[in-house]
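Engineer: Got a sequence here, can you build the structure:
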Amino acid sequence: MDLTLFTVEEENLICIFNTSDKNTLMDNIWAAMPGFEEDELCEIADSVIAKIGKMSDEEYAAFRFNPAYFGGEYDETEEV
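Structural biologist: Below you'll find the predicted structure:
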């Protein structure tokens, strides 16, 4: 699996939603899209849905989403 599959912007969008399974994630992003005010955000959402849709359930389950945190890489061990 390509570990650079998602851009930082795509991973940040993904991490806003329930990522428990790929269908739930895609459904939640799709449902939220009418409320997006920026075209760029809609493009990012479309890209995420397309990429997630191409992943097998096994690939999705193995993928670890890591949101970027304040312009740097997010480290779960750091206190916020």
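Engineer: Need the contact partners of the helix ranked longest in the chain.
Structural biologist: In the chain, taking DSSP state H as the definition, the longest helix is helix 39-54. With contacts defined as CB atoms under 8 Å, 6 or more residues apart in numbering, helix 39-54 is touched by 5-7, 9-10, 13-14, 22, 25-26, 29-30, 32-33, 36, 60. In this view, the C-beta of every residue, glycine as well, is placed from N, C-alpha and C.
Engineer: So among these, which ones count as buried?
Structural biologist: Among the contacts of helix 39-54, those classed as buried by 16 or more other CB atoms under 10 Å are 6, 10, 13-14, 22, 25-26, 29, 60.
Engineer: So for this structure, which residue is the most central one in space?
Structural biologist: Centroid-nearest residue in the chain, with CA atoms, centre = their mean: residue 14, separated by 2.3 Å.
Engineer: ok, that residue touching residue 26?
Structural biologist: No: between residue 14 and residue 26 there is no contact under CB atoms under 8 Å: 10.2 Å.
Engineer: Please identify which helix or strand holds residue 60.
Structural biologist: Using DSSP states H and E, the element containing residue 60 is helix 57-62.
Engineer: Quick check: buried residues in that helix?
Structural biologist: residue 60.
Engineer: Report the rounded mean pLDDT for that helix.
Structural biologist: Helix 57-62 shows a mean pLDDT of 90.
Engineer: Thanks a lot, see you next time.
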